[in-house]
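> coordinates only, sequence not included:
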């Protein structure tokens with residue numbers, strides 16, 4: 001692989017930034033593992049060890065099936081590439097990683113996607129001002145901060161209502177074994193959808209890094225005649241790192257997602273995961289980076305609401321929403337501060 005062989009001869013910051021991008025992908029995996037396995041662990045369908053292995057496998061499988069539309073949007077439609085430098089990419093990644101680690105430590109399911117967008121935009125803003133930002137792309141991402149969890153909630157509610165009607169005459173003792181098996185399928189769907197959207201965001205950042213690096217395109221493009229194409233080696237390495245991170249779990253957040261929002265049984269888990277997974281696959285096909293965290297949280301709340309508003313622990317839901325609201329500005333602030341610090345040290 002010509003590019004990887006040449007890394008020993010390039011500017012150290014490029015190599016460090018590539019490592020930081022893969023570190024973000026890894027952190028994304030263990031931070032967002034809860035999205036895929038919270039319900040299947042909470043309902044005791046799988047042990048945490050087997051649940052994360054199940055999720056990691058389907059995160060990786062998504063590499064071979066779903067294209068790179070989300071990667072292209074993150075790489076080109078958030079920040080104008082003419083303003084992007086290697087320090088901007090590095091500072092943006094650090095902003096996202098710092099916020100992810102803070103929310104992981106607090107056990108709050110925040111959005112890795114929006115942390116990345118916020119950190120990247122904050123770093124670009126620190127370097128070049130508002131002219132560096134592409135507001136059309138940012139507006140689309142901002143709109144889906146609201147749309148994705150709402151669609152997830154509605155699909156979760158609809159699934160729960162339909163399933164309850166279908167099985168209304170069946171005894172619970174007969175249904176639980178069936179839905180325990182079905183939840184394996186729904187967890188696979190959700191993990192696959194997570195890989196189809198989240199790993200692509202890191203692909204887009206690595207693409208932006210390589211464009212900014214000044215390295216000859218022939219060195220790292222799979223097809224130098226087609227600059228829109230994301231090379232296969234980037235696709236595979238991003239999916240591998242997010243799957244590897246998932247194997248380490250995100251058990252602080254699993255507890256929040258699986259038990260602190262509403263009481264779940266296998267039927268609830270199946271309906272929530274299916275609703276969330278379908279939502280993410282649909283927006284991935286449209287090339288829109290969305291928060292898998294927001295989507296599954298909305299789906300879980302939707303499923304719980306079917307049993308009555310009091311079935312949802314709204315105090316915890318309120319805390320999660322506040323984490324969502326602060327994600328973009330706080331990651332942006334950390335990205336901005338990281339870039340300013342690098343500039344002070346002569347690396348900006």
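Yep, it's here. From a predicted model like this one, the values you see are computed outputs, not experimental measurements.

> which helices and strands does the one helix or strand residue 304 maps to pack with?
Per DSSP states H and E, residue 304 falls inside helix 292-306. Counting contacts by 3 or more Cβ pairs under 8 Å, 6 or more residues apart in numbering; DSSP states H and E, helix 292-306 packs against helix 12-42, helix 135-166, helix 172-213, helix 266-285, helix 314-344. (C-beta placed from N, C-alpha, C; glycine too.)

> okay if I get those as JSON lines plus mean neighbour count?
Formatted as JSON lines, the helices and strands packed on helix 292-306 follow (neighbours: other Cβ atoms under 10 Å):
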{"stretch": "helix 12-42", "mean neighbour count": "25"}
{"stretch": "helix 135-166", "mean neighbour count": "18"}
{"stretch": "helix 172-213", "mean neighbour count": "22"}
{"stretch": "helix 266-285", "mean neighbour count": "26"}
{"stretch": "helix 314-344", "mean neighbour count": "19"}
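
> got JSON lines for these, with distance to residue 74 and mean pLDDT too?
Below are those laid out as JSON lines (distance: least, Cβ to Cβ, whole Å; pLDDT from 0 to 100):
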{"stretch": "helix 12-42", "distance to residue 74": "11", "mean pLDDT": "79"}
{"stretch": "helix 135-166", "distance to residue 74": "9", "mean pLDDT": "85"}
{"stretch": "helix 172-213", "distance to residue 74": "3", "mean pLDDT": "81"}
{"stretch": "helix 266-285", "distance to residue 74": "12", "mean pLDDT": "83"}
{"stretch": "helix 314-344", "distance to residue 74": "14", "mean pLDDT": "82"}
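
> So which of those is nearest residue 101?
Among these, helix 12-42 comes nearest to residue 101, with 6.8 Å by Cβ to Cβ.

> Heading C-terminal from that closest one, find the next helix or strand.
Counting by DSSP H and E, the next helix or strand C-terminal to helix 12-42 is helix 48-61.

> Give me the helices and strands touching that next one, please.
Going by 3+ Cβ pairs under 8 Å, 6+ apart, helix 48-61 lies up against helix 12-42, helix 172-213, helix 232-247.

> buried stuff in it?
Residues of helix 48-61 classed as buried by neighbour count (16 or more other Cβ atoms under 10 Å): 51, 52, 53, 54, 55, 56, 57, 58, 59, 60, 61.

> try stretch 120-136
By neighbour count on 16+ other Cβ under 10 Å, the buried set for stretch 120-136 is 120, 121, 122, 123, 124, 125, 126, 127, 128, 132, 133, 134.

> quick revisit: quick one: which of the helices and strands packed on helix 292-306 is nearest residue 304?
Closest among the helices and strands packed on helix 292-306, using Cβ to Cβ: helix 266-285, at 7.3 Å.

> so how far is that closest one off the chain centroid?
Offset of helix 266-285 from its chain centre (Cα atoms, centre = their mean, to the nearest Å): 14 Å.

> do stretch 128-145 as well
18 Å.

> about what we covered before: which ones among the buried residues of stretch 120-136 map onto helices?
Among these, the ones falling in helices (DSSP state H) are 120, 121, 122, 123, 124, 125, 126, 127, 128.

> distance of the last one from residue 141?
Going back to what we said before, that points to residue 128. Residue 128 sits 20 Å away from residue 141, going by Cβ to Cβ, to the nearest Å.

> Could you tell me how many residues sit around residue 69?
18 (other Cβ atoms under 10 Å).

> Show the contacting residues for it.
200, 284, 285, 286, 287 (Cβ atoms under 8 Å, 6 or more residues apart in numbering).

> Distance check, it against residue 232.
Residue 69 is 16 Å from residue 232, by Cβ to Cβ.

> Make CSV from the contacts of residue 69 and add distance to residue 176 to it.
Formatted as CSV, these follow (distance: Cβ to Cβ, whole Å):
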residue, distance to residue 176
200, 36
284, 32
285, 34
286, 36
287, 39
